[in-house]
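Novice: structure for this input, please:
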Amino acid sequence: TTAFGADLGVLFMPLDKDSLRLGLTARNINKPKFDFAGPGDYEVDMQIRAGAAYNVFDSLCVAADYDITENETMNLGGFSSQMFNAGLEYQFLGILSARVGGYKNMADTDSGPAYTGGVGVHLIWLDVDVAGAVSSDEVEIETATTGTSGGTETIREKYAFFFNIGLAFCPARGHSLLFF
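Specialist: Numbers count the residues shown, from 1 in each chain. As a prediction, this is how the structure comes out:
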């Protein structure tokens with residue numbers, strides 16, 4: 001089925017020169033419902049997230065956000081998430097940026113943090129970003145070589161890669177900031 005979800009957000013800039021930005025978003029404020037053939041209807045709960053960003057100086061921004069509400073998943077057997085995210089972005093020459101950061105699911109005590117990084121090019125109103133994430137959790141896998149019984153190797157449990165091309169509609173700044 002198809003449903004309509006309504007979101008609402010506010011951004012507050014209490015200081016001159018927009019060096020500090022405080023935000024609050026509420027997603028799915030109308031609690032959209034979906035029909036399922038077997039288990040019945042599913043209602044998406046409202047999610048609330050708060051965040052802050054501070055420009056330490058023109059080329060360095062520090063940002064963090066936190067899920068105020070714990071988010072339940074329907075299809076993962078009661079898995080919950082409540083994310084805390086933090087990061088830094090440094091801009092070079094007004095068009096290049098480098099980002100580092102991390103995130104942690106505060107509702108899942110068994111999982112460790114993940115580390116993120118990325119680079120971006122911001123040309124007039126066009127943004128091109130490449131980013132990645134790797135978890136701190138490790139898992140052992142069995143390895144086998146020809147003619148031997150093999151052994152084990154430890155690898156990172158999760159990896160992610162992101163590529164984004166976007167338009168920034170902020171001509172006064174000439175670019176937009178993307179945090180993940």
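Novice: quick one: low-confidence residue ranges for the chain.
Specialist: In the prediction, the chain carries residues with pLDDT under 70 at positions 37-40, 74-78, 138-157, 168-180.
Novice: try it again with 80
Specialist: Scanning the chain for pLDDT under 80 picks out 1, 16-18, 34, 36-42, 72-79, 136-159, 167-180.
Novice: how about the nearest residue to residue 80 once chain neighbours are set aside, what does it touch?
Specialist: Using C-beta to C-beta, 6 or more residues apart in numbering and skipping the chain neighbours, the partner closest in space to residue 80 is residue 107 (4.2 Å). Backbone N, C-alpha and C define where each C-beta goes, glycine included. Residue 107 is in contact with 70-71, 80-82, counting by C-beta atoms under 8 Å, 6 or more residues apart in numbering.
Novice: drop anything exposed from those residues.
Specialist: When those are checked for burial by 16 or more other C-beta atoms under 10 Å, the buried set is 71, 81-82.
Novice: which of those lies closest to residue 161?
Specialist: Checking the buried ones among the contacts of residue 107 against residue 161 with C-beta to C-beta, the nearest one is residue 81 at 20.5 Å.
Novice: ok, so what distance separates the closest one from residue 47?
Specialist: Taking C-beta to C-beta, to the nearest Å as the measure, residue 81 falls 10 Å from residue 47.
Novice: find residues that contact each of the two.
Specialist: The contact lists of residue 81 and residue 47 share 67, 71, where a contact means C-beta under 8 Å, 6+ apart.
Novice: quick one: which of the buried ones among the contacts of residue 107 sit in strands?
Specialist: In this view, the buried ones among the contacts of residue 107 that belong to strands under DSSP state E are 71, 81.
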